[in-house]
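1. Please work out how this folds:
(4 chains)
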2 protein chains.
Amino acid sequence: MPRPRSFDTDSALDAARDTFWRLGYDATTLTDLTDAMGIARPSLYNAFGDKETLFLTVLARYEEAYAGMFDALDAEPDARLAIARHLRAVAAGIADPSYPGGCLRVGHTAIASTEEPALARALAERQQAQEAAFARRLARARRDGQLAADEDPAALAAFFVGIVNAMAVRARVDPDAGVLAGMAERAMRAWPAP
Amino acid sequence: MPRPRSFDTDSALDAARDTFWRLGYDATTLTDLTDAMGIARPSLYNAFGDKETLFLTVLARYEEAYAGMFDALDAEPDARLAIARHLRAVAAGIADPSYPGGCLRVGHTAIASTEEPALARALAERQQAQEAAFARRLARARRDGQLAADEDPAALAAFFVGIVNAMAVRARVDPDAGVLAGMAERAMRAWPAP
DNA sequence: GCAATTATGTACCGAATGGAATAGATCGGA
DNA sequence: TCCGATCTATTCCATTCGGTACATAATTGC
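-> Coordinates of the predicted model:
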């Protein structure tokens, strides 16, 4: 039997997440990470692989934490209400001062480069997955008669995910909960007239 | 009288802009820059200062290039039409395949860190300046009776600038002109009912 | 207690980084 | 023609980067 870990994996990943989130992937050094995680470099490498692999792990875990919000999107029968609640929840979450400003995913997506293909692909996939989840929900709403037949679920999905992204960018500069909530409410005015 | 420059300043700054835009500030090395600009390192340093100063110059020049769009915002008397045109122009511009994807400003703003205060401040100021320009235009629209008295120009401005930012994030992943145009049109549905 | 296995800490590696020192090149004016 | 001034190119520098050997520590099954 092996020697057990002297650190808590979840805590270490939380620390890595906040470091990447605060500084951005490229500006984050292994020293930044090991300092924040409280472990030595070989332990990091042994437990999480190289910097890129660690980031991908952190990103997957970050997104996983918000899976419940997408479950809620499907659980609420009224699509308009479901999306309004989703946007309000995102606005409140992004304004939470206990995290670095903005959004780990959106921040990196907005400047992701094809020179780092694994990162760019992972980030693009998550953007597309969010739009797909919204599009599915909106297609269902159309079948349920909550949306006119000539509405395009994919186009609406791009718009609403765009609002989420917009709140993330805005919050990086000024995490004002009131402004973010206003953006969410304003976006719901674009909901198609019944 | 000094020896004249052997390179064109504007072309060099264009090359620097595209390099920062494509790779992001932190991932861009001086070698990336000098290769793209076609000049040696001391020439870069002599003409543009260090990497941070060069980026600030590039950013200011980038934003200056879009000053005309804000003039047009003020020139059109109908605020709704002015903003709709602005968003359409942004959608078309961001989809232009002759530039790197997304937006130099938004991409960096979304992940800007306070560890690089000069950059973060410059980026934040430009975000705020854009919102202020929109807010001024919307306040004028309210005075002109084009907007209800209980509408908040600042909140509306955050929303519309948010749409611009959202298009920039979306385009970094997939610069689809049709989707971007759809986001712009959809956003205009949130214009307050008269 | 011993062996097998994994984690940790120190110390280090080559490569790449941003930046600068120095010397030579190129110009208009005196 | 030579001077002062600025630009350019080669070369180098100290630091930091991401990543790794290697020896040692800690655990459990036997």
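2. going forward, measure contacts between C-alpha atoms and count neighbours the same way
-> Will do.
3. Wondering if the host helix or strand of residue A:119 reaches chain B at all.
-> Assessed by DSSP states H and E, residue A:119 sits inside helix A:117-143. Yes: using C-alpha under 8 Å from any C-alpha of the partner chain, helix A:117-143 reaches chain B at A:124, A:127.
4. buried sites along that helix?
-> Using 16 or more other C-alpha atoms under 10 Å in any protein chain shown as the test for burial, helix A:117-143 gives A:119-124, A:126-128, A:130-142.
5. Count residues in the vicinity of residue A:38, would you?
-> 14 (other C-alpha atoms under 10 Å in any protein chain shown).
6. counting contacts, what elements does the helix holding residue A:119 pack onto?
-> Under the contact criterion of 3 or more C-alpha pairs under 8 Å, 6 or more residues apart in numbering or on different chains; DSSP states H and E, helix A:117-143 touches helix A:51-64, helix A:67-75, helix A:79-94, helix A:104-109, helix A:153-173.
7. do you know which of these lies nearest DNA strand C?
-> Closest approach to DNA strand C among the helices and strands packed on helix A:117-143 is made by helix A:51-64 (13.8 Å; C-alpha to the nearest atom of the strand).
8. any idea of the angle the helix holding residue A:119 forms with helix A:79-94?
-> Relative orientation of helix A:117-143 versus helix A:79-94 (axes from the mean of the first three to the mean of the last three C-alpha atoms, to 10 degrees): 150 degrees.
9. for helix A:117-143, what is the average pLDDT?
-> For helix A:117-143, mean pLDDT is 97.
10. what angle do it and helix B:153-173 make?
-> The directions of helix A:117-143 and helix B:153-173 differ by 120 degrees, with the same axes, to 10 degrees as the criterion.
11. anything in helix A:117-143 sitting right up against DNA strand D?
-> No: applying C-alpha under 7 Å from any atom of the strand, one finds helix A:117-143 out of contact with DNA strand D, separated by at least 12.6 Å.
12. which parts of chain A sit against DNA strand D?
-> Going by C-alpha under 7 Å from any atom of the strand, the residues of chain A near DNA strand D are A:1-4, A:26-31, A:41-42, A:45, A:50-52.
13. Low-confidence regions, chain A specifically.
-> Judged by pLDDT under 70, chain A has its weakly predicted residues at A:194.
14. Show me which residues of it sit near DNA strand C.
-> A:1-7, A:39-44, A:46-47.
15. Tell me which two in the residues you listed are the farthest apart.
-> Using C-alpha to C-alpha, the residues of chain A next to DNA strand C span at most 23.0 Å, a distance reached by A:1 and A:41.
16. The two - which one has more neighbours?
-> Taking neighbours as other C-alpha under 10 Å, residue A:1 and residue A:41 compare with residue A:41 leading, 14 against 3.
17. can you tell me which residues contact that one?
-> The contact partners of residue A:41, by C-alpha atoms under 8 Å, 6 or more residues apart in numbering or on different chains, come to A:30, A:31, A:34.
18. Got the phi and psi for it?
-> Backbone geometry at residue A:41, expressed as degrees, to the nearest 10, gives phi -60, psi -50.
19. could you measure the residue nearest the centre of chain A against residue A:89, distance?
-> The centre of chain A sits closest to residue A:105, judged by C-alpha atoms, centre = their mean, with a distance of 4.8 Å. Taking C-alpha to C-alpha, to the nearest Å as the measure, residue A:105 falls 17 Å from residue A:89.
20. now do residue A:124
-> Using C-alpha to C-alpha, we find residue A:124 at a distance of 23 Å from residue A:89.
21. just residue A:78 next, same as before
-> 16 Å.
22. Can you name the residue of chain A nearest DNA strand D?
-> In chain A, no residue comes nearer to DNA strand D than residue A:29, which is 3.1 Å away by C-alpha to the nearest atom of the strand.
23. Now do the phi/psi pair for that residue.
-> Main-chain dihedrals, residue A:29, degrees, to the nearest 10: phi -100, psi 160.
24. how about it, what does it touch?
-> Here residue A:29 is in contact with no residue (C-alpha under 8 Å, 6+ apart).
25. OK, contacts around residue A:157?
-> Residue A:157 touches A:131, A:132, A:134, A:135, A:138, counting by C-alpha under 8 Å, 6+ apart.
26. what sits against the third one?
-> For residue A:134, the contact set (C-alpha under 8 Å, 6+ apart) comprises A:153, A:154, A:157, A:160, A:161.
27. Out of those, which end up buried?
-> For the contacts of residue A:134, a burial check counting by 16+ other C-alpha under 10 Å picks out A:153, A:154, A:157, A:160, A:161.
28. I'd like these as a markdown table, with distance to residue B:190 appended.
-> Compiled in a markdown table, those are given as follows (distance: C-alpha to C-alpha, whole Å):
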| residue | distance to residue B:190 |
| --- | --- |
| A:153 | 17 |
| A:154 | 18 |
| A:157 | 15 |
| A:160 | 12 |
| A:161 | 16 |
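29. Looking at those residues, which is nearest residue A:67?
-> Of those, the one sitting nearest to residue A:67 (C-alpha to C-alpha) turns out to be residue A:161, at 14.8 Å.
30. how far away is the closest one from chain B?
-> 8 Å (C-alpha to the nearest C-alpha, to the nearest Å).
31. Can you tell me the closest non-neighbouring residue to that residue?
-> Excluding the flanking residues, the one nearest residue A:161 by C-alpha to C-alpha, 6 or more residues apart in numbering or on different chains is residue A:131, at 6.2 Å.
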